[in-house]
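J.: fold the stuff below for me.
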Amino acid sequence: MVSSSLVSISGKMVFLLAINSLLCIPHLAHSSTCTNPPIIFNFGDSNSDTGGLLAGLGIPIRFPNGRAFFRRSTGRLSDGRLLIDFLCQSVNASLLSPYLDSLGSSFSNGANFAVVGSTTLPRNVPFALNVQVMQFKHFKDFSAELASTGVNGLVSYDQFRDALYMIDIGQNDIADSFAHGLSYAQVVKKIPSILAEIKNAIKEIHDQGGRKFWVHNTGPLGCLPQKLALAQNISQSLDSIGCISSYNVAAKLFNEGLLHMCTELRTEIKDASVVYVDVFAIKFDLIANSTSYGFSNPVTACCGAGGPPYNYERRVGCGYPGYQVCDEGSRFVSWDGIHYTEAANSVIASKILSTDYSTPPLAFDFFCQ
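T.: This is a model prediction of the structure:
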């Protein structure tokens, strides 16, 4: 097994690696037979943010983020590709540009409205789900207007109906509630309101012509090194694999409600496809059976501070002074205590693409045009 020891990376080395990476960005590999990739619009939080936080607020996402694939930081909170990147590549679609990134971006294949820290509630704050939907409406109207005048490289009006709309949000609503001191009962009481926001978002997009929806549930929050490191007196609340039971039970209750909501939507908007994806089951299995997937230290962050057991320190973020990072050849599930490594995202993507975790079990390339 590869050593999982943590080693420090000096600022000088980070600078040299970042400069070298700009000179040679690896070719994005494709393996799909999809010859006409879908146009994709994504709504979510840091799990699928491909650079929205950096573009929108200018907050730097520092190297070694991005080291495993892009060889430079791209605004993603991972050492490489996110789950959404693997899904895009699976249908030969270009990686999604953040909606807020105006420099060098192409939106001919869709746009990514996800931003780190996003929630469903409260509404009308940057970058809540309803704000992301309002941004989409502006994008749709202006893109269609420009395309009608002959401007190339934009999504034309009729293409919005054939596009795939991905939703991956809700984790922060639940996690932040626990972080703010709410009890388990209080967190559970908030779930119907969170679900209502997601349902409203899908219906609004449907009103705008969207007919294809791909909805991810939330993962096992109680297994995140960040939550384990920050929680107080958790020894009595850990399950058999070392995760916080109450956090995971709350996530599962949210997921059950999300599944029910998707079922309702299929009867309410009969002309639409609504696919629910059980990401929780995939991630929990990956953590519980990490060794069988070739991973070690499933609840230890690769990039962070403080060392075992969790290597997470609130005041020392990945890439900031004082951080430590595991060797690049190591196999960690968690990248920074909150987000997953590229290696873990690759496994999760392959499970999703199997259709075993989707309801109904539609293949992702079903949405190829």
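
J.: so which bits of stretch 233-246 are buried?
T.: 234, 241-244, 246 (16 or more other Cβ atoms under 10 Å). Yep, even glycine has a C-beta here, placed from its N, CA and C like the rest.

J.: can you list these in TSV and add distance to Glu342 and pLDDT?
T.: Below are the buried residues of stretch 233-246 laid out as TSV (distance: Cβ to Cβ, whole Å; pLDDT from 0 to 100):
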residue	distance to Glu342	pLDDT
Ile234	29	76
Ile241	23	94
Gly242	23	94
Cys243	22	96
Ile244	25	96
Ser246	30	95
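
J.: so which of those residues are in helices?
T.: Among the buried residues of stretch 233-246, the members falling in helices (DSSP state H) are Ser246.

J.: narrow the buried residues of stretch 233-246 to those in strands?
T.: In strands, defined here by DSSP state E, there are no members of the buried residues of stretch 233-246.

J.: ok, so of the buried residues of stretch 233-246, who is nearest Lys203?
T.: Proximity of the buried residues of stretch 233-246 to Lys203 (Cβ to Cβ) peaks at Ser246, which lies at 31.6 Å.

J.: in space, what's closest to Gly153 - neighbours in sequence excluded?
T.: Ser108 (4.7 Å; Cβ to Cβ, 6 or more residues apart in numbering).

J.: just to revisit the earlier point, among the buried residues of stretch 233-246, find me the one that's closest to Gln369.
T.: Looking across these and measuring by Cβ to Cβ, the closest to Gln369 is Cys243, at 40.5 Å.

J.: pretty sure the closest one is in contact with Cys223, am I right?
T.: Yes - Cys243 sits in contact with Cys223 when judged by Cβ atoms under 8 Å, with a separation of 4.0 Å.

J.: which residues are in contact with both of the two?
T.: 287, 299 (Cβ atoms under 8 Å, 6 or more residues apart in numbering).

J.: who does the helix or strand harbouring Asp173 touch, helix- and strand-wise?
T.: Per DSSP states H and E: Asp173 is located in helix 171-179. Secondary-structure packing of helix 171-179 (3 or more Cβ pairs under 8 Å, 6 or more residues apart in numbering; DSSP states H and E): helix 184-207, helix 225-230, helix 245-268.

J.: rewinding a little: what number of residues lie near the residue nearest to Gly153?
T.: 16 (other Cβ atoms under 10 Å).

J.: repeat that for the one 5 residues further on.
T.: Counted by other Cβ under 10 Å, the residues lying close to Phe113 total 27.

J.: find the centremost residue of this structure, please.
T.: Asn47 (1.9 Å; Cα atoms, centre = their mean).

J.: to what extent is the closest residue to that residue other than its chain neighbours buried, counted in neighbours?
T.: Leaving aside its sequence neighbours, Asn47 sits nearest to Asp168 (Cβ to Cβ, 6+ apart; 5.6 Å). Residue neighbour count, defined by other Cβ under 10 Å, stands at 25 for Asp168.

J.: now swap in Thr291 and tell me
T.: 11.

J.: that's a helix at it, yeah?
T.: Yes - counting by DSSP: H, G, I helix; E, B strand; the rest coil, Thr291 is part of a helix.

J.: phi, psi of the spatially closest residue to Ile205 that is not a sequence neighbour?
T.: Once flanking residues are discounted, Ile205 sits nearest to Tyr165: 5.4 Å by Cβ to Cβ, 6+ apart. When read as degrees, to the nearest 10, the backbone of Tyr165 gives phi -110, psi 110.

J.: which one of the buried residues of stretch 233-246 is nearest to Ala185?
T.: For the buried residues of stretch 233-246, the nearest to Ala185 is Ser246 (10.0 Å; Cβ to Cβ).
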